[in-house]
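*Asks:* Model the following, please.
(one chain, ligands or ions: 1)
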Amino acid sequence: MREISVYIHFPWCQRKCPYCDFATQPGQSDSIPHEAYADQVIKELSWRSDDLRDQKLVSIFLGGGTPSLWAAPSIARVLKSIRSTFRHSADEVEVTVECNPISLRRDWLQEVADAGVNRASIGVQSTRDEDLRFLGRLHDSSRAAEAIQLGSSILDRVSADLMFGMPNQSTASLLDGIDQLIDLGVKHVSAYSLTVEPATRFGTLQRAGKLKLASEDEFATLFLKAREQFARRGFEHYEVSNYATAGETSRHNQHYWRGGTYLGLGAAAVGCLPQGPGQARRYRNVPTPRRYLEAGLHKELIEESNEDLSPQDLIREALMLGLRTQEGVNLDITERRAGVEVIRGRESSWERRVKSGDLVVANQVATVPRHRWLHLDSIVADLF
Ligand code: SF4
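*Replies:* Numbers count the residues shown, from 1 in each chain. Predicted coordinates:
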């Protein structure tokens, strides 16, 4: 039976962070149309799910934006609707909600946990106030610690986001931050390097020569030191930017990295649904909440764009996502899905990378060894 994950995008944040290019817009809790947004997500679900009801639901992820601003009863309605749409479900469907430390409240978390949320992903970013001020975040380090403690007191599974590469961030402070998160009880950490996107305030500052970030060598050192520290604390590096203790990997993200079917709902959400052997259709919804809310059941107004993925698109996507993981790319599954051999059209680069040790193929699974992950981008680009 085919498995499916559902992603719901909640597009409001209290304030835009200067490095963020996600589809979000400023909104305070009392100005957000909580129920109307839930209504529209449920309408979109009913439209999109006609051919999907026999698939097995494995995970739901509420991302954003800041879903911890969304009223708990609205979230509960959406979750109930998703659960009743699919005829089959995994024994334990992983239901994650992204939370911003500044807006996370005990009564809200208890209410969404009662509605089925069983995992929180908390946007800590740093345990140092200096970094948080630089990142334009509304919380400070003590608020971040309180959020993790609160999350762990209600949910068994708590993940934290951590960034590295900020100015004046020493290796020691990053390692100290990792220790603090683990001591507070997180079992999963997404550790990202700070990247500057052109259409952000940081992008403008960088073009004006007013933003100093870590150099490539410094990023590499932080990445490697972080990995050593996570290993010392019993965390497995299971994807380039993700670490987890045993059994705590993100099932939702793994489904996505394995090339699984995912249904995206909400403004700016992206989804990818199979269309028969060797084909899939990827769509992107309109980016602004206003247009999304006004679309009603006019399907052509909900989607901003879509594209049919060819067998080679499917293979490129499988390589791009799967080679970032310790698990790698299962060649049999990918070939069944795409209808062509993975190696076809890339024989010489494939052979070169295998010879150099950048790519290891064993039992029909291709992986990039962890010690080569710093060079992943060039390895994957070569295989495209
Ligand atoms: S809170 Fe998160 S999603 Fe919202 S603007 Fe900041 S980084 Fe972006």
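
*Asks:* Can you pull the phi/psi pair for residue 161?
*Replies:* For residue 161, the backbone dihedrals (degrees, to the nearest 10) come out as phi -90, psi 140.

*Asks:* wait, isn't it in contact with residue 127?
*Replies:* No: applying Cβ atoms under 8 Å as the test, residue 161 and residue 127 come out as separate, 11.8 Å apart. (Each C-beta comes from the backbone N, C-alpha and C, glycine too.)

*Asks:* Those two: which has the busier surroundings?
*Replies:* More neighbours surround residue 127 than the other of residue 161 and residue 127, with 24 against 17 (other Cβ atoms under 10 Å).

*Asks:* Against residue 3, how distant is that one?
*Replies:* 36 Å (Cβ to Cβ, to the nearest Å).

*Asks:* surely residue 2 meets residue 55?
*Replies:* Yes: Residue 2 lies in contact with residue 55 (Cβ under 8 Å); the separation is 4.8 Å.

*Asks:* which neighbours do these two share?
*Replies:* By Cβ atoms under 8 Å, 6 or more residues apart in numbering, residue 2 and residue 55 have these common neighbours: residue 261.

*Asks:* who's more crowded, those two?
*Replies:* The neighbour count for residue 2 versus residue 55, taken as other Cβ under 10 Å, is higher for residue 55 (22 against 11).

*Asks:* nearest residue to the more buried one other than its sequence neighbours?
*Replies:* Computed as Cβ to Cβ, 6 or more residues apart in numbering, the closest residue to residue 55 that is not its neighbour in sequence is residue 4, at 4.1 Å.

*Asks:* Then residue 184?
*Replies:* The nearest residue in space to residue 184 (Cβ to Cβ, 6+ apart) is residue 148, at 4.4 Å.

*Asks:* so who does that neighbour touch?
*Replies:* 122, 124, 158, 160, 181, 184, 185, 186.

*Asks:* go on, residue 135?
*Replies:* So residue 135 contacts 17, 18, 19, 125, 126, 163, 166, 194 (Cβ under 8 Å, 6+ apart).

*Asks:* from these, which two are the most distant?
*Replies:* Farthest pair in the contacts of residue 135 (Cβ to Cβ) is 18 and 126. Separation: 14.3 Å.

*Asks:* and the two? which has more neighbours close in?
*Replies:* Remark: of residue 18 and residue 126, residue 126 carries more neighbours, 26 against 17, as counted by other Cβ under 10 Å.

*Asks:* show me the contacts for that one.
*Replies:* Applying Cβ under 8 Å, 6+ apart to residue 126 gives the contacts 132, 135, 141, 144, 162, 163, 166, 169, 177.

*Asks:* count of neighbours near residue 91?
*Replies:* 5.

*Asks:* so it is in which element?
*Replies:* Take DSSP states H and E as the rule and residue 91 turns out to sit in strand 88-99.

*Asks:* Now do the helix or strand following that strand against strand 88-99: the angle between them, please.
*Replies:* As assigned by DSSP H and E, the chain's next helix or strand after strand 88-99 is helix 106-114. Going by axes from the mean of the first three to the mean of the last three Cα atoms, to 10 degrees, helix 106-114 is angled at 170 degrees with respect to strand 88-99.

*Asks:* Alpha carbons only: can I get helix 106-114 in CSV?
*Replies:* The C-alpha trace of helix 106-114 is given here as CSV (Å, rounded to 0.1, in the frame of the first residue of the first chain):
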residue,chain,number,x,y,z
ARG,A,106,1.1,25.4,28.0
ASP,A,107,-2.7,25.4,27.5
TRP,A,108,-2.3,25.6,23.7
LEU,A,109,0.2,22.7,23.6
GLN,A,110,-1.9,20.6,25.9
GLU,A,111,-4.9,21.2,23.6
VAL,A,112,-3.1,20.3,20.4
ALA,A,113,-1.6,17.2,22.1
ASP,A,114,-5.1,16.1,23.0
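
*Asks:* what packs against it?
*Replies:* helix 72-85, helix 141-154 (3 or more Cβ pairs under 8 Å, 6 or more residues apart in numbering; DSSP states H and E).

*Asks:* Out of those, which is closest to the ligand?
*Replies:* helix 141-154 (12.7 Å; Cβ to the nearest ligand atom).

*Asks:* Pull out the buried residues from that closest one.
*Replies:* Buried residues in helix 141-154, counted by 16 or more other Cβ atoms under 10 Å: 141, 143, 144, 145, 147, 148, 150, 151, 152.

*Asks:* Next, count neighbours for residue 276.
*Replies:* Neighbours around residue 276, by other Cβ under 10 Å: 7.

*Asks:* Within the helices and strands, which one has it?
*Replies:* Counting by DSSP H and E, residue 276 is found in no helix or strand.

*Asks:* same question, residue 278
*Replies:* Per DSSP H and E, there is no helix or strand for residue 278.

*Asks:* Could you measure from the nearest residue to it once chain neighbours are set aside over to the ligand?
*Replies:* Leaving aside its chain neighbours, residue 278 sits nearest to residue 339 (3.3 Å; criterion: Cβ to Cβ, 6+ apart). Shown here: residue 339 relative to the ligand, a distance of 37 Å by Cβ to the nearest ligand atom, to the nearest Å.

*Asks:* How about residue 122?
*Replies:* Applying Cβ to the nearest ligand atom, one obtains 11 Å for the distance of residue 122 from the ligand.

*Asks:* between the strand or helix carrying that residue and helix 106-114, how many degrees?
*Replies:* Using DSSP H and E, residue 122 sits in strand 119-125. Orientation note: strand 119-125 sits at an angle of 140 degrees relative to helix 106-114 (the same axes, to 10 degrees).
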